[in-house]
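J.: Got a sequence here, can you build the structure:
(2 chains)
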Amino acid sequence: MPSFKSRIIDALVTPLEPTQRGATEAFIAGSLTDLPQHLKIGIAVDSVLLEVLTRATHGGRIPDDEALRKLVATWESNPLTPIRQYARLLSSLVLFADQETRTDDQATEAAA
Amino acid sequence: MTTIQTEVLVIGSGAGGAVTAALCAEAGREVTIVEEGAWHTPGDVESFSMGEMMTRYRNHGLTAALGNPGISYAEGRCVGGSTEINSGLYRRLPDYLSTAWATEFRIGDFGPDVLADAAAEVEKFLDITQVPGEVPPASAKIAEGADALGWRSTEFARAFSYTPDGRATKQTMARTYIPRAIEAGANLVADTRIDRLEMRDGRFRAAVGVSTGDGGEEPVRIVADDVFVCGGAVQTPMLLHHSGFRRGIGSGLRFHPTMKVAARFDSEMDHGEVPMHRIMEFGPHLTIGGSAARRGHVALALADTSLPHEEALADWRNVAVYYAAIRGGGGRVLGLPGLKSPVVFYAMNEADMSRLARGMLHLGSALFAAGATELYPGIVGGPILRRQDDLVQWWEAISRSRANVMTVHLTSTVRMGEDPRRAAADSFGRLRGTENLYVNDASLLPDAPGVNPQAAIMMLATRNTHAYLAA
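T.: This next block holds a predicted model:
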């Protein structure tokens, strides 16, 4: 079963051709694996707490991609720093990788 | 275990280590350079790209100082260190700062004349010049904004060489001082992390670590007569902590807390390089300049508000990214037993936060004066602004919980000087209480210089290495 963090990343990555999606996922996975140990521990704790919170508010399950994207968007402006930083880390990684792997035309089309 | 014997061991190959190694090797010393990161052929990935982050940044660029606010920072981890990933902008340490530091920290032989000689030596080798031809549009906007407001701006020189047809090549350490050191006989050992320095009776004996080159981990021991630790202002104090040194080490961390603004214009901006103009009207305590602005960076800067930005992203060619950076705050680096990564803390007081907010207002003013039509600040919840008169809203909006703060210039964790209460190293980088252990990197700078510190680091490394060789 994919981790909660992976489910969020899957939900945030926009549709891409397989090779581009592979490059995006490799960058994100590599970045999260390469985090400094103390930050990695913080992210792991955040993941557990947010999964529990999410399940508690969604009838014991993790919601679909659309609902997850909305949740992450609300977390990005949460007053609690760990929640905000967790959401911003994941969404920034996806956003940067997404833009880097797209051609200019694909990026313009996606933004429009 | 691999064992290496050498005369001079240089740990780290960035702006400090590469200079140290080249000068020592050219003076006939037997030199070994150890670098934790890998060798990458310069130019094999685009500057500021995802490929560069994956291969040349420590932790893929995802490092942060703990505090309120938390502050993200970036370091290089490859042969050439952070010179491989920075903008290549070059600015000498101002005379008034070196004079002030010499007095405040009792640094011997630190006058402007001495430093100017060292700087001239660096500049002659690196071809320090300004960009030939027309100023790129994103950089020109900084000058336009400053001119319109009657503020002082300047075009920074860069460590770039140019072909007759105008093609620019950044003069990183992997292209300049490292080849020079190897040419003079230095041995470069990449993919090797030093974990601890062995000392006996105040003398360095050997460095112990692991080689990670082939995916495995092979223990390494390097015995040397003298050692220069040049891992940068975060890695150097961590290594010293792990080697049993504590007093005055890691506690003086300084950097430039920085906030960004994505600015949208009616015309196309350039995105390949960092703008070279800076507004110096408020320097050295506040600097305004431009940042990397590939499409990925533009997207991140636009998304900083967490507000809808799709329309601006579709128009990304007309968007450039700018920043306001202050000198302020202070922190510490801790190398803790069992942790391979250092833990970094940084604190900003209310005055620092106010200065940063004031910097953002000045930056916004300059960008509107230069013709910006829309500004996206690094503030969660914005507001996104379209009129100069609304800038005051940022003053209220910038708080610890909403400001996205970052930095790249870390300094001052092993300060130099003759005051043992304030400086862990002497005026030329030798660690107090040791006979043959030297620091020669950004850690020695007594304070953040207010601009990209590469020039100051290289100048200092040149001065200190000449002093070492003359002793």
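
J.: Walking through the stretch 201-350 of chain B, point out its strands one by one.
T.: B:203-211, B:218-229, B:254-255, B:258-264, B:277-279, B:286-290, B:319-326, B:330-334, B:343-347 (DSSP state E, counting those that start in this stretch).

J.: Of these, which is nearest residue A:90?
T.: Of all the strands of the stretch 201-350 of chain B, strand B:258-264 sits nearest to residue A:90, with 19.7 Å by Cβ to Cβ. Placement of C-beta: from N, CA and C, glycine included.

J.: Just the C-alpha atoms of the closest one, please, in PDB.
T.: Output of strand B:258-264 as PDB, limited to C-alpha atoms (Å, rounded to 0.1, in the frame of the first residue of the first chain):
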ATOM      1  CA  THR B 258      16.100  36.800   1.800                       C
ATOM      2  CA  MET B 259      12.500  37.100   0.400                       C
ATOM      3  CA  LYS B 260      11.500  36.900  -3.200                       C
ATOM      4  CA  VAL B 261       9.000  38.600  -5.500                       C
ATOM      5  CA  ALA B 262       7.900  37.300  -8.900                       C
ATOM      6  CA  ALA B 263       7.300  40.400 -11.100                       C
ATOM      7  CA  ARG B 264       5.300  40.400 -14.300                       C
END
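
J.: Quick check: which ranges of chain A have low pLDDT?
T.: Within chain A, the stretches with pLDDT under 70 are A:1, A:108-112.

J.: Alongside chain B, which residues does it contribute?
T.: Within reach of chain B by Cβ under 8 Å from any Cβ of the partner chain, chain A has these residues: A:23, A:27, A:30-31, A:34-39, A:73, A:76-77, A:79, A:81, A:84-85, A:88-89, A:91-93, A:95-101, A:104, A:107-108, A:111-112.

J.: Using the three-state scheme, assign residue B:366.
T.: helix (DSSP: H, G, I helix; E, B strand; the rest coil).

J.: Provide the count of other residues in contact range of the residue nearest to it when sequence neighbours are not counted.
T.: Computed as Cβ to Cβ, 6 or more residues apart in numbering or on different chains, the closest residue to residue B:366 that is not its neighbour in sequence is residue B:145, at 3.3 Å. Residue B:145: 27 surrounding residues under other Cβ atoms under 10 Å in any protein chain shown.

J.: If you average the pLDDT over the host helix or strand of residue B:145, what comes out?
T.: Here residue B:145, judged by DSSP states H and E, is contained in helix B:137-149. Helix B:137-149 comes out with an average pLDDT of 98.

J.: quick one: that helix to chain centroid distance?
T.: Computed by Cα atoms, centre = their mean, to the nearest Å, the chain-centroid distance of helix B:137-149 equals 25 Å.

J.: what does stretch A:101-108 give?
T.: With Cα atoms, centre = their mean, you get 20 Å for stretch A:101-108.

J.: residues of it that come out buried?
T.: Within stretch A:101-108, the residues scored as buried using 16 or more other Cβ atoms under 10 Å in any protein chain shown are A:101, A:102, A:106, A:107, A:108.

J.: do the same with stretch B:263-270
T.: B:263, B:264, B:265, B:269, B:270.
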